[in-house]
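Colleague: Starting from these lines, generate the structure:
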Amino acid sequence: MPQPSKLESPSHPLSTRSAPATGEGPGTSFLVPEDRAAERAAERAVDRDADRDASGLTEPATARVSEIPRLERLRFHSAILPEPQERTISVYLPASYFADPTRRFPVFYLHDGQNLFDDLTAYVPGHPWRAHTTADRLAESAEIEPVILVGVANTGLRRMAEYTPTRDFRLGGGEGRDYARLLIEELKPLIDRDYRTKPGPEATAVGGSSLGGLISLFLGFEYPHVFGKIAVMSPSIWWNHRSILSFVEAPFTRPKLRIWLDMGMNEGARHLRDTDQLFRLLKRRGWREHIDLAYQRVPGGVHSEDAWADRFDDVLRFLFPPAS
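Modeller: Numbers count the residues shown, from 1 in each chain. Model (predicted):
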């Protein structure tokens, strides 16, 4: 039986689940509501999905060790986006981090961090991405360069606002630049200070799915001096009348980016067309497929954590090939 997906909007083909939402966070409305009734339903979904994401953020702002080996949880307060009072940051260290105390590692920042590692905090309990086991397996077989994974948990009610770079007339949002400042001015300096990272853009990636894919695309094009690699998975290109496409087309100089792009072929014809258009735009701008651009149209792929988990190994292989 297929697992329920993220609730992207009442009009999304995968949003008709009967069980209440338990965690992905608000407002991943994948289709823009066409009328006020649909918009109200989206707002109710936002309220419902917020409860789990806002919980568990009251511990002291210190690192603690998870039951998952080599996974640390940090409680992090942002002065730029002070609500909620604390955010959960998950840092997963590769095995070679401890084997060689002089070695430095690339870093992959991932949105919706509660979905990455832990069965209990995943959007669908028991169905996380298992990003750590995938990264360990690929590093052990020398298919990727070992990488530090940093999961930034979403914040429930504020997820839509923080993961959208522009404001939509009806849905609001548009706090993506402040979220970018949080990552660049507050979180990344903390990670670079406390862990043995390779801090340059050529070793720093950011990625996510749905609205997380949208904000990752924005971050790469707006801040390529920080994030030189981006994972744009099932992106919500529809947001604000597809304004992200004009943003991608606008820069006079093509930023130096390594880009992973994907969309499941069962996520809806409209979203597949939007992602195809983005792929063609990137190629016109000079990105070369299989060199600094990968596009995967996933047969049978749906809008769900399990689907993104299934192709996370391909994402890692492309963004973090073994060091030569």
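
Colleague: What segments of the chain are helices?
Modeller: Taking DSSP state H to define them, one finds helices in the chain at 36-53, 96-99, 131-140, 159-162, 176-181, 188-194, 211-222, 239-249, 269-284, 305-319.

Colleague: quick one: which of those helices is nearest Leu116?
Modeller: helix 131-140 (4.4 Å; Cβ to Cβ). (C-beta placed from N, C-alpha, C; glycine too.)

Colleague: Can you get me the start-to-end distance on stretch 261-277?
Modeller: 12 Å (Cα to Cα, to the nearest Å).

Colleague: in it, what's buried?
Modeller: Leu261, Asp262, Met263, Gly264, Asn266, Glu267, Gly268, His271, Leu272, Asp274, Thr275 (16 or more other Cβ atoms under 10 Å).

Colleague: just curious, which of the residues you listed is nearest to Ser243?
Modeller: Asp274 (11.9 Å).

Colleague: Model confidence score at the closest one, please.
Modeller: Asp274 is assigned a pLDDT of 98 by the prediction.

Colleague: Give me the neighbour count for the closest residue in space to it that isn't next to it in sequence.
Modeller: Nearest-residue entry for Asp274: Ile237, 4.0 Å, with adjacent residues in sequence omitted and distances by Cβ to Cβ, 6 or more residues apart in numbering. Using other Cβ atoms under 10 Å, the number of residues around Ile237 comes to 24.

Colleague: Tell me who's in contact with Ile237.
Modeller: By Cβ atoms under 8 Å, 6 or more residues apart in numbering, the contact list for Ile237 reads Leu214, Ile244, Leu245, His271, Asp274, Thr275, Gln277, Leu278.

Colleague: surely the third one meets Phe279?
Modeller: What it means is Leu245. No: the pair Leu245 and Phe279 fails to qualify as a contact (Cβ atoms under 8 Å) at a distance of 11.2 Å.

Colleague: which of the two has more neighbours?
Modeller: Phe279 (20 against 15).

Colleague: so what's the spatially most central residue of the chain bridging to?
Modeller: Per Cα atoms, centre = their mean, the C-alpha nearest to the average position across the chain is that of Gly208, at 1.7 Å. Beta bridges link Gly208 to Val232 when assigned by DSSP bridges.

Colleague: hang on, isn't it packed against Ser216?
Modeller: Yes: counting by Cβ under 8 Å, Ser216 is a contact partner of Gly208 at 5.1 Å.
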